[in-house]
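K.L.:
Fold the following.
(one chain, ligands or ions: 1)
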Amino acid sequence: MKRYLMTPGPTPVAPETQLAMAQPILHHRSPQFMEILGKVREDLRYLFQTEQEVLMFAATGTGAMEGAVVNTLCAGDTALVVDGGKFGERWTELCQVYGVKVDRIAVEWGRAVNPAEVAARLKANPAIKAVFVQANETSTGVQHPVRELAQITKSLPGAILVVDAISALGGYELPMDGWGLDIVVAGSQKAMMLPPGLAFAALSPKAWEFVKTSTLPKYYFDFAKQLKSQQKNQTAYTSAVTLTMGLMEVCARIRAEGLEKIFARNRRLSLATKEAVRAMGLELYAKDYPSDVLTAVLAPAGVDGQKVVANLRRKGIWIAGGQAQAKGKIFRIAHMGFIDETDLLGTIGGLEVVLNELGYKVDLGVGVKAAQAVLGKEAGA
Ligand code: PLP
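P.N.:
The predicted structure follows:
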C-alpha cells in the first residue's frame, strides 16, 4: 500500500533527493565533499535569507535549539520564553537544564503571543538576555508574530531574539536578515524535504557577540568551533555525508523554483485545507495566525482525534494527532515541502470517510469540493 506522509515532520522526500542520497559515500575530508559543502553553504544562505554562515550539525532540530542556549548565555542569566505549545515548553526545559532563569509567557494553546506583552516583560526586566520563541508552533498550528518581536529586540543591545524555525523555514516567508532575527534554528525533516538528521543554526552579528561572552558548557554544539570548520568547507566532526548530498539536491530544486513560489504554493495548499475543514463543519484549533504549513483541526464533539489519525492510517494516510493537553482533541494535517494538490485532495477525501466512520456525518465530497474551489481559483482556472 502507498503511504501518504501528511505529518508535520518527517515529510515526504522527493525521488530525486533519494537518488542523490543513494550515491556512494564520499569521505568527509575529500575535495569532492568539500566542494559539495561549499555549494550547500551558499544555498543555505539563500534559504535562510541571510548573509551569515548557516551552521550544520548531524542532529535533529532540538540539537540546534540546545546549541542556541549554550552558545549565547551563562548560568544565572534570565531568558524570556514564549511558551504556547509543546515546543515552547522545550525552550523552558532547555534553559532550566543549564541553569538559565526563565521568565515564561504562558500563551494559551491555539493562540499567538501578543508582542506588547513581550515588550512589557523586557521593559520590566532589563536583565533578560534572550527571547526564545517558535516561528511556527507545530503542536498548535499557530505562527507567532516573530517579525513584530524582532522590531522590539532590535532596539535592545542587551537582548537577542532566538527563533525556532524548525517547522517554518522553507515553508513561508521568514527573512532572517530582513526582519532582524538573531538566531534562526531549523531541521531537515520538514519544509526542507529531507529525512531527519540535520540541524541548522544561523546567527546575526549581534548573536555572535553573545557567543564571545557565553560560559555555558558545550562541546559538540560549539558554534564558534563549527563556524571555523565550515569556513574551510568542513564540519568540526564527521559530516552527515549522505544527508548533505541530499541537501545539495534539495537546495538546487528550491533555488530553481524560488522561495516566493514555494511559499505561495504552501499558502494555497493551506487555504484549501482550511476551507475544506470549514466546509465539513469543523473548526481550526488556531485562533490567531493559523499556520501556512500545517492545519490543526478541532475534532468534532464526541470524536476522538486520535481515532481520526488511526483510521486514516489504515488507509495509508499519515496525519498527526494532538500532543499533551491537545491529545485526542485535535488532529493535524501538514502541507509543506514535497506535498502536492493530489496528496491533499486524497487526504481530505479520506478524512470525510473516516469522520463518517466515527459517527460525525459529513456529506461526502463537501470538503474536497471546497478545496478544489480554492486550488482552481488560485491556479487561475
Ligand atoms: N520545534 C518545532 C517547532 C518542531 O516542530 C519540532 C519537531 O517537530 C521540534 C522543535 C523538535 O525537532 P526535532 O524533533 O527535530 O528535534
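K.L.:
would Gly158 count as being in a strand?
P.N.:
No: checked against DSSP: H, G, I helix; E, B strand; the rest coil, Gly158 lies outside a strand; its state is coil.
K.L.:
Quick check: it touching Asn125?
P.N.:
No: using C-beta atoms under 8 Å, Gly158 is not in contact with Asn125, being 11.0 Å away. Heads up, the C-betas are built off the backbone N, CA and C, glycines and all.
K.L.:
Around the closest residue to Val308 other than its chain neighbours, how many other residues sit close by?
P.N.:
In this structure, Val308 finds its nearest non-sequential neighbour in Phe331, 4.7 Å apart by C-beta to C-beta, 6 or more residues apart in numbering. Counted with other C-beta atoms under 10 Å, residues neighbouring Phe331 total 28.
K.L.:
so what does whichever strand or helix holds Phe331 touch, helix or strand wise?
P.N.:
Using DSSP states H and E, Phe331 sits in strand 330-334. Secondary-structure packing of strand 330-334 (3 or more C-beta pairs under 8 Å, 6 or more residues apart in numbering; DSSP states H and E): strand 294-298, helix 305-314, strand 320-321.
K.L.:
Kindly list the longest helix within this protein.
P.N.:
Ordering each helix of the chain by length in residues (DSSP state H) puts helix 259-279 first.
K.L.:
Now do the same for Phe221: helix, strand or coil?
P.N.:
Quick answer, by three-state DSSP: Phe221 is coil.
K.L.:
got the contact list for the residue nearest to Val308?
P.N.:
By C-beta atoms under 8 Å, 6 or more residues apart in numbering, the residues touching Phe331 are Ala296, Val297, Ala299, Gly305, Val308, Val309, Ile319, Ala320, Gly321, Gly322.
K.L.:
right, and Lys129 touches Gly158 too?
P.N.:
Yes: the pair Lys129 / Gly158 is scored as a contact, 6.4 Å apart, by C-beta under 8 Å.
K.L.:
Am I right that Met336 sits in a helix?
P.N.:
No: looking at Met336 with three-state DSSP, it is coil, so not inside a helix.
K.L.:
Which pLDDT value goes with it?
P.N.:
pLDDT recorded at Met336 is 97.
K.L.:
Equivalent analysis for the one 10 residues further on, please.
P.N.:
On pLDDT, Gly346 comes in at 98.
K.L.:
these two touch, right, Ile166 and Phe87?
P.N.:
Yes: contact criterion C-beta under 8 Å: Ile166 and Phe87 qualify, at 7.5 Å.
K.L.:
list residues touching both of the two?
P.N.:
Joint contacts of Ile166 and Phe87 (C-beta under 8 Å, 6+ apart) are Gln134, Thr138.
K.L.:
What helix or strand is Leu80 located in?
P.N.:
Leu80 belongs to strand 78-83, assigned by DSSP H and E.
K.L.:
who has more neighbours, Lys129 and Gly158?
P.N.:
Lys129 (20 against 13).
K.L.:
what's the neighbour count on the closest residue to that one other than its chain neighbours?
P.N.:
Spatial nearest neighbour of Lys129, chain neighbours left out: Asp77 (4.9 Å); criterion: C-beta to C-beta, 6+ apart. Neighbours of Asp77 under the rule other C-beta under 10 Å: 22.
K.L.:
Distance of Asp77 relative to Pro157?
P.N.:
15 Å (C-beta to C-beta, to the nearest Å).
K.L.:
In this structure, what helix or strand scores lowest on average pLDDT?
P.N.:
helix 366-378 (a mean of 93; mean pLDDT, DSSP states H and E).
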